[in-house]
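**Q** kindly return the folded structure for what I paste below:
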Amino acid sequence: MNKSSKDKIVETASRLFQTQGYHATGLNQITKESGAPKGSLYYYFPDGKEQLASIAVESTAKLVASRIKEGLKEKESPIEAIQTFITNLADEFEKQEGSKQGLPVAAVVLETAQTSETLRMSCKQAYETWHEVFAKKLIDAGYEKEKAYELGLVINALIEGAFIIALTRKDSEPLRQVARYIPSILK
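**A** Predicted coordinates:
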């Protein structure tokens, strides 16, 4: 199936915002790298870069949530499922030699949370969506709803933090350490 120009623009913008950040990514670069016709960017995103970034964050949030859901299906036990998911992230980090693929919206929120309410809210929704995926796995395993949502936030925060440290160290060990601590967090 051929992707529409709009899809190509959103995918390219998502990748560039993730790897270069919001401010370092220009609309001309997005148009050029997406291969979309000139003019299509403002046709699909008449409010410009902020609108495109918001939609890119929402699109990325859906993809990541789907990936987390699939990863957590590998094991029935939530402890084993979450450990396996994090260990798989560590393996991918090593294969990609420390790319920012594990921090899909962090660059956007760090750069824009104080200046764009639209982008702050899109990023907030992305994080909440991911917390809910972890929480759902815990609820399905019998955890109380409130505790499961709290743990979902903690698990996602640990993964995000471990990714940042892994990037600075250029090794996946922080992710593996978080995976090893999951049983004590979920007991």
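
**Q** what are the ranges of the helices in the protein?
**A** Secondary structure of the chain by DSSP state H: the helices cover 5-20, 27-34, 40-44, 49-72, 78-95, 106-112, 117-140, 145-169, 173-185.

**Q** and the angle for the second one with helix 5-20?
**A** Orientation check (axes from the mean of the first three to the mean of the last three CA atoms, to 10 degrees): helix 27-34 against helix 5-20 gives 110 degrees.

**Q** under the pLDDT cut-off, which ranges of this protein? List them.
**A** 1-2, 98-102 (pLDDT under 70).

**Q** CA atoms only: put stretch 165-174 into PDB for me.
**A** Provided in PDB are the C-alpha atoms of stretch 165-174 (Å, rounded to 0.1, in the frame of the first residue of the first chain):
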ATOM      1  CA  ILE A 165      21.500   7.200  31.000                       C
ATOM      2  CA  ALA A 166      22.100   4.500  28.400                       C
ATOM      3  CA  LEU A 167      22.500   7.200  25.800                       C
ATOM      4  CA  THR A 168      25.100   9.100  27.900                       C
ATOM      5  CA  ARG A 169      27.000   5.900  28.700                       C
ATOM      6  CA  LYS A 170      26.600   4.400  25.200                       C
ATOM      7  CA  ASP A 171      25.600   1.100  26.600                       C
ATOM      8  CA  SER A 172      22.400  -0.700  27.500                       C
ATOM      9  CA  GLU A 173      23.300  -1.700  31.100                       C
ATOM     10  CA  PRO A 174      20.900   0.900  32.700                       C
END
